[in-house]
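Student: coordinates only, no sequence provided:
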């Protein structure tokens, strides 16, 4: 347990950082990246708050969790803050991923080169359809699901992307966890049951669409 | 303004329903669908809370927003509640969508038949690459982006899916809004600026991955 933090001391060990703060970090990272690309070298929490549409006090509070990178009267050094948040998020190193399910969505994700730009490298895909095994998507080979556990342990994979139908997702997630996977990006339209030390981020696309349809329907009702 | 609600009275006009409740409805809908598929006809808020891993009191509170569908000692009628939430979400009718960007992600989404099962029908895709114009993905035609406004107004489209690079996303979003689009599912890795009556649901895939990498990195640090 880290009891006393000094400025700049980071903090991945600090278990007290709330999930809500962690959840906001990728957005800070994205904005700081854009601001840096614009050639801006420093920014006040006020200016950042206008861009990000959150309060300046929220920004100060959030960034104080990490020792605080700002200086009174100077603001934040954009590039420094960007890099530090990158380190906190663990994207200063490469992460190897596997994709389970080589259907349309799995293919799209493997073809999505933005992941690689941020250090997320897809190493292998898995499926059960005989006609897909051995094929390659952007040089990423499709293996049979039977070899899943072997591959994970041999290549020390920690992150898996699940893009298979919901009926199979829960059983496959169990296999992933047993094989040592620590993080799952879940596109299957169901919630997964995993132990506490495994993190799941759900991307339930239909749920997003339902929220949109709610809005559109309520607009229509009120016309 | 609806001042007094009676049981069963719904409520799309009721502006007081919080966004947080709306955001949870698709998940209720998904669970109730699964429960109904299992042949279960009624369920108590307690049983539902165990499945959904939220408190029974949260469930009662949420569903009370809509007049409350439960009866003391009986619980909820699964099929009825499922249908009513479906109506509230506006998925008891067909919604026509367009997809902007016929790259890998756009193709994957158009090929994703689950949307159609829930009444979200993709009517057209748009792109600027000459070699793509006129092609069809699962019978959905790709049009040139120049014809976007015409198409939207002619076919009264209200929902658009944005799967284009972030640099073009903001300008295209403006065009969508000006043409009458009321809801955007945004896959571009940037936040959009839209008027208050337009809803945007962001699916920032890289942000999800960063949250996973944070977790994986902090696990490694603590080993």
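Tutor: Right, received. Where do you want to start? Keep in mind that this is a model prediction, so the values were computed, not measured. Residues are numbered from 1 along each chain as shown, chains lettered A, B, ... in the order given.
Student: residue ranges of the strands in chain A, please?
Tutor: All strands of chain A, identified by DSSP state E, fall at A:42-43, A:76-77, A:95-100, A:120-127, A:136-137, A:140-144, A:159-162, A:183-186, A:199-202.
Student: okay, domains of chain A per the record?
Tutor: Here the domain parsing of chain A from automatic domain parsing is A:19-89, A:95-207.
Student: now the ones you listed in CSV, with distance to chain B, mean pLDDT and mean neighbour count?
Tutor: In short, each C-beta sits where N, CA and C put it, glycine included. Formatted as CSV, these follow (distance: least, Cβ to the nearest Cβ, whole Å; pLDDT from 0 to 100; neighbours: other Cβ atoms under 10 Å in any protein chain shown):
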stretch, distance to chain B, mean pLDDT, mean neighbour count
domain A:19-89, 4, 86, 17
domain A:95-207, 3, 93, 18
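Student: using JSON lines, lay out the ones you listed together with distance to residue A:215.
Tutor: Listed next are those as JSON lines, based on distance: least, Cβ to Cβ, whole Å:
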{"stretch": "domain A:19-89", "distance to residue A:215": "19"}
{"stretch": "domain A:95-207", "distance to residue A:215": "13"}
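Student: how about those domains, which one is nearest residue B:23?
Tutor: Taking Cβ to Cβ, domain A:95-207 is the member of those nearest to residue B:23, at 8.6 Å.
Student: and the helices in chain A?
Tutor: A:19-37, A:45-52, A:56-64, A:78-89, A:104-111, A:114-117, A:148-155, A:166-178, A:205-221 (DSSP state H).
Student: so which of those is nearest residue A:184?
Tutor: helix A:166-178 (6.3 Å).
Student: just checking, residue A:118 touches residue B:206?
Tutor: Yes: Residue A:118 is in contact with residue B:206 according to Cβ atoms under 8 Å; the separation is 5.6 Å.
Student: tabulate the strands of chain A (CSV), appending distance to residue B:79.
Tutor: Putting the strands of chain A into CSV (distance: least, Cβ to Cβ, whole Å) gives the following:
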stretch, distance to residue B:79
strand A:42-43, 54
strand A:76-77, 54
strand A:95-100, 33
strand A:120-127, 35
strand A:136-137, 41
strand A:140-144, 40
strand A:159-162, 29
strand A:183-186, 27
strand A:199-202, 25
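Student: among those strands, which is nearest residue B:187?
Tutor: It's strand A:183-186; of these, that one is closest to residue B:187 (Cβ to Cβ) at 14.3 Å.
Student: which strands and helices sit next to that closest one?
Tutor: strand A:159-162, helix A:166-178, strand A:199-202, helix B:205-221 (3 or more Cβ pairs under 8 Å, 6 or more residues apart in numbering or on different chains; DSSP states H and E).
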